[in-house]
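In: test case, fold it:
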Amino acid sequence: MPRRTTPRRITTIVDALPRGAGARVAPNRVRLRSMTPRNLKKAAVASALGTSLSHIGPPVDLTPGHPKVDGGYLRLQSPIHVDSGPVGWSGGKVTDGVALFSSKYFALGNPSVQVTFDQLSGGFHLVELRLGMFQSGVKYKFRLLGNPGVPTENVEVSNTGSVYKVVPPNPSYSGPYTVTFLQTNPKSGPMASWYFHGVGIWPTS
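Out: So this is what the prediction gives:
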């Protein structure tokens, strides 16, 4: 009689990641933290934009579960896995879909999230990448690209940081804006894996 085996139980996407040298994945430590995005508070948005709370409008949210709204949509490049949700593994906070990215496991170009949106106001916009980072002690590197005429930035953040792009107004332009968050951690470096929870687009008046 063939021997019966019990499949390994996968409780989160983290448990399904390959265990190679330098992986540094500890599911029991990162599971709940990574499932809860570090969304910017309204006061932090006002501070980043140099304005008062009264001038900050409510954000427009796009997520893996709802990647398209009137005047806006998401494009994801090289995710390992996408779950349109709702998801709430292992007691984590239920989210509206989630995608998994990794600096070591991608095929069609560097992992990236791109958002296209119509102008919500005539002022500045802050576009926030809402993510949960697995590896503590690793610098997550992103190149922030924008169009039209938005300067490119290269940023490094730890697993307690935030990633956002300030988009200045362009009075001579009436089309949609585009912001891309491109991960630039090299495959040869330490693993830098992350959950993507969504994008928040904050307008100012």
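
In: burial measure for S158, as a count.
Out: S158 has 12 neighbours, counted by other CB atoms under 10 Å. To be clear about C-beta, it is placed using only N, CA and C from the backbone, and glycine gets the same treatment.

In: just S136 next, same as before
Out: S136 has 13 nearby residues by other CB under 10 Å.

In: mind listing what it touches?
Out: S158, N159 (CB atoms under 8 Å, 6 or more residues apart in numbering).

In: just the helices in the protein please.
Out: Per DSSP state H, the chain carries helices over the ranges 13-16, 27-35, 42-49.

In: same for the last one, what does it pack against?
Out: Where contact means 3 or more CB pairs under 8 Å, 6 or more residues apart in numbering; DSSP states H and E, helix 42-49 is packed against strand 125-133, strand 163-167.

In: okay, those strands, which one's buried deepest?
Out: strand 125-133 (a mean of 24; mean count of other CB atoms under 10 Å).

In: and that strand, what other elements does it pack with?
Out: Using 3+ CB pairs under 8 Å, 6+ apart, strand 125-133 sits against helix 27-35, helix 42-49, strand 112-117, strand 163-167, strand 177-183, strand 193-203.

In: in a markdown table: those, plus distance to S78.
Out: Output for the helices and strands packed on strand 125-133, formatted as a markdown table (distance: least, CB to CB, whole Å):
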| stretch | distance to S78 |
| --- | --- |
| helix 27-35 | 19 |
| helix 42-49 | 28 |
| strand 112-117 | 7 |
| strand 163-167 | 17 |
| strand 177-183 | 9 |
| strand 193-203 | 11 |
